[in-house]
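A.B. asks: this one's sequence-less:
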């Protein structure tokens, strides 16, 4: 990844890769890890500094990533200390539940999960009398979860089957 690609990937006008990111190269010059500490222009109640850590999957368990959280934390704390806002600050690292190497790495640096992203589900409704639609939904992995009577766009009251499918 070249510098221009890195700046474009972050998609934040305030991002300065020389200040906000570090790329770890192996002896041949290939990038094997990346870390950043960035903020957004959010006007919420808490100033959030996002810590992003990526280590090439083939290079995990070599100790490469252990310096990244320390660098990110220092960078994030420096940003929070220099801000003019009276809002509280928070360092945040997002990781999927199955990203156990990154979660383990963050835990060794004192971070603990505070919540997981909720499971996403898609809910659809179809007329109970529309057997073709119900069969199509069932073949597509939807499970019937309930029924109710509701008004159609034409104003007719009909019985509807509610169906859900978990999204990955």
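C.D. replies: Structure's in. What do you need? As the structure is a prediction and not an experimental result, all values here were calculated from the model. Residues are numbered from 1 along each chain as shown.
A.B. asks: use CA for all of it now, contacts and neighbours both
C.D. replies: Will do.
A.B. asks: Double-check residue 141 against residue 163; I have them as touching.
C.D. replies: No: using C-alpha atoms under 8 Å, residue 141 makes no contact with residue 163, being 9.4 Å away.
A.B. asks: lowest confidence element among the helices and strands of the protein?
C.D. replies: helix 3-10 (a mean of 55; mean pLDDT, DSSP states H and E).
A.B. asks: Please list the residues outside stretch 86-105 that contact it.
C.D. replies: Identification of contacts with stretch 86-105 by C-alpha atoms under 8 Å, 6 or more residues apart in numbering yields 45-54, 60, 65-66, 73, 76, 80, 116-117.
A.B. asks: That one: end-to-end distance?
C.D. replies: Start and end residues of stretch 86-105 are separated by 31 Å (C-alpha to C-alpha, to the nearest Å).
A.B. asks: quick one: contacts of the longest strand along the chain?
C.D. replies: Criterion DSSP state E: the longest strand present in the chain is strand 157-167. The contact list for strand 157-167 (C-alpha under 8 Å, 6+ apart) reads 119-129, 137, 141-152.
A.B. asks: who's in contact with the longest helix anywhere in the chain?
C.D. replies: Looking only at the chain and at elements set by DSSP state H, the helix with the highest residue count is helix 67-82. Helix 67-82 has contacts (C-alpha under 8 Å, 6+ apart) with 20, 34-38, 47, 49, 51, 53, 89, 91, 106, 109.
A.B. asks: Whichever of those residues end up buried, select them in PyMOL.
C.D. replies: Typed into PyMOL, the line below selects the buried ones among the contacts of helix 67-82, using 16 or more other C-alpha atoms under 10 Å:
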select buried, resi 20+34+35+36+37+38+47+49+51+53+89+91+106
